[in-house]
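**Q** Sequence and predicted structure, then a few things I'm wondering about:
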Amino acid sequence: MEDIQRGDIMADFHEELAQESLAPLWEVLKALVPREPRPVAAPAHWSFDLLRKFALQAGKLITAEQAERRVIVLENPALRGQSQITTSLYAGVQLILPGEVAPTHRHTASALRLLLEGEGGYTIVDGERVEMHPGDFIITPTWSLHDHGSDSDQPVIWLDGLDVPIVKLLNAGFAEDSGNGRQTVVHPEGDSLARYGSGLTPVNYIPKTAVSPIFWYPYARTREALERMRQRAEWDPAEGLRLTFTDPTTGGSPIQTMAAFMQLLPAGFSGSEVRSTDGAVYSVVEGSGRVTVGDITWEVKPRDIFVVPGWAWHRLAAETDLILFSFSDRPLQQKLGFWREQRG
Ligand code: GTQ
């Protein structure tokens, strides 16, 4: 009886609070301050055949110029309608057809790209042009001017990763279009890689902490590093041989919010279970294997894209030599002191 009365009084109290845009913490504390991360995003896998088919279909319906960016967005099945592949990351597959231009713009959100298919596509970042080859990793950090184009006779397709949900969370998004669509190239091709990415730096260079002076990480170099290292590598039981892209002038991540990785799992490698607080988006660069997230398993092949949500147990296995690209919000979590990893 007393309990019922007390319950009624409490319900009335909650109602009174609600009227004034107030709420009792004790009803929500456990959800607000969880014992450990609850899975929010779902594991998901898209085959490249499917992504390519839809990108090419979009290519028949809208030009790159009309679309500004002709991209098929990868939406996490648990976060539909929000253009999010995880709670903090955006991913999409972008198509440029021969002769097209995706006009110059810049925005607060940083973008990273992995070239999936086609030769002859290019990006211009802050006045420097780079031709993109399959497996190349390219960044357009916060507020850098960028436009994309193609001198190819084939479709050019790449994976875009952006920190859009983070910018949205902070409500700090700005964007600008730039004049006539195409940037004037003011630096010779390969200039920044020569200047900062050859184990040398101009003597008077002061490292910027926010963005890397290198924006192009050619796959030929990445592949060579993995190949040389495998000869005496200590294979991590979960991750094989995993490297992260760095700003050579700081040693830190080239973008502050997102890290990108390239990883080699030798044929027959069967990884142990691991989970970390950063959910990651993966794409297969070479080879084939099997990915298990919780109780879901996918057979993965070149250019497939899959997402492993944060704090989800997963394991990676290689059928042939398997090279995986991935990106996540790890550097942001590390700076905030949040990042954790657990081994099974
Ligand atoms: O290439 O600038 O997938 O601004 C989404 C937003 C790509 C880009 C995306 C963008 C871009």
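**A** Perfect, I can see it now.

**Q** Now do the contacts for the residue of the stretch 101-250 of the chain found nearest the ligand.
**A** At 3.5 Å from the ligand, residue 160 is the closest residue in the stretch 101-250 of the chain, using CB to the nearest ligand atom. C-betas here are computed from N, CA, C, even on glycine. Counting by CB atoms under 8 Å, 6 or more residues apart in numbering, residue 160 makes contact with 69, 71, 90-94, 111-113.

**Q** Recalculate using a threshold of 10 Å.
**A** Neighbouring residues of residue 160 by CB atoms under 10 Å, 6 or more residues apart in numbering: 69, 71, 73-74, 90-94, 111-114, 140.

**Q** and if you look at residue 113?
**A** The contact partners of residue 113, by CB under 10 Å, 6+ apart, come to 94, 121, 123, 132, 136-140, 146, 148, 158-162, 215-216, 260.

**Q** Same question for residue 121.
**A** 94-98, 100, 113, 115, 130-133, 136, 148-152, 154-158.

**Q** Buried members of the contacts of residue 160 into PyMOL, please.
**A** The PyMOL command for the buried members of the contacts of residue 160 (criterion: 16 or more other CB atoms under 10 Å) is given here:
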select buried, resi 71+74+90+91+92+93+94+111+112+113+114+140
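
**Q** any idea which of the contacts of residue 160 is closest to residue 167?
**A** Distance to residue 167 across these (CB to CB) is lowest for residue 90, with 9.5 Å.

**Q** check contacts around that closest one.
**A** Contacts of residue 90 by CB under 10 Å, 6+ apart are 71, 73-75, 82-84, 109, 111, 160-168, 281.

**Q** again, only this time at 7 Å
**A** Residues in contact with residue 90 (CB atoms under 7 Å, 6 or more residues apart in numbering) are 83-84, 161-162, 164-165.

**Q** now do residue 278
**A** 310, 328-330, 333, 339.

**Q** In those, which residue is surrounded by the most others?
**A** Of all the contacts of residue 278, the highest neighbour tally under other CB atoms under 10 Å goes to residue 328, namely 28 neighbours.

**Q** which residues does it contact?
**A** Going by CB under 7 Å, 6+ apart, residue 328 touches 258-259, 278-280.

**Q** Out of the residues you listed, which is nearest to the ligand?
**A** The nearest member of the contacts of residue 328 to the ligand, counting by CB to the nearest ligand atom, is residue 258 at 13.5 Å.

**Q** Strands of the stretch 201-344 of the chain, residue ranges please.
**A** Taking DSSP state E, counting those that start in this stretch, the strands of the stretch 201-344 of the chain run over residues 216-217, 241-244, 259-265, 274-276, 280-286, 289-293, 296-300, 305-308, 314-318, 322-328, 341-343.

**Q** Please flag which of the contacts of residue 121 sit within helices.
**A** Among the contacts of residue 121, no residue falls in helices (DSSP state H).

**Q** Which among those count as buried?
**A** Neighbour counting with 16+ other CB under 10 Å marks 94-97, 100, 113, 115, 130-132, 136, 148-150, 152, 155-158 as buried within these.

**Q** Okay, helices next: where are they in the stretch 151-300 of the chain?
**A** Taking DSSP state H, counting those that start in this stretch as the test, the helices found in the stretch 151-300 of the chain are 164-170, 191-196, 219-230.

**Q** For these, give me TSV that also has mean pLDDT and distance to residue 46.
**A** Output for those, formatted as TSV (pLDDT from 0 to 100; distance: least, CB to CB, whole Å):
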stretch	mean pLDDT	distance to residue 46
helix 164-170	98	19
helix 191-196	97	31
helix 219-230	97	21
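
**Q** Beta-bridge partners for residue 105, please?
**A** Judged by DSSP bridges, the bridge partners of residue 105 are residue 146, residue 177.

**Q** need the contact list for residue 305.
**A** Applying CB under 7 Å, 6+ apart to residue 305 gives the contacts 46, 51, 74, 159, 281-283.

**Q** switch to 10 Å and redo it
**A** 44-48, 50-51, 74, 85, 91-93, 114, 116, 159, 281-284, 325.

**Q** Quick one, which of those are buried?
**A** Buried among those by 16+ other CB under 10 Å: 44-48, 51, 74, 85, 91-93, 114, 116, 159, 281-284, 325.

**Q** For residue 180, give me its contacts.
**A** Contacts of residue 180 were listed using CB under 10 Å, 6+ apart, and they are 103-104.

**Q** Give me the distance between it and residue 146.
**A** 15 Å (CB to CB, to the nearest Å).

**Q** Point out where the stretch 201-344 of the chain drops to low pLDDT.
**A** Within the stretch 201-344 of the chain, no stretch has pLDDT under 70.

**Q** All set now, cheers.
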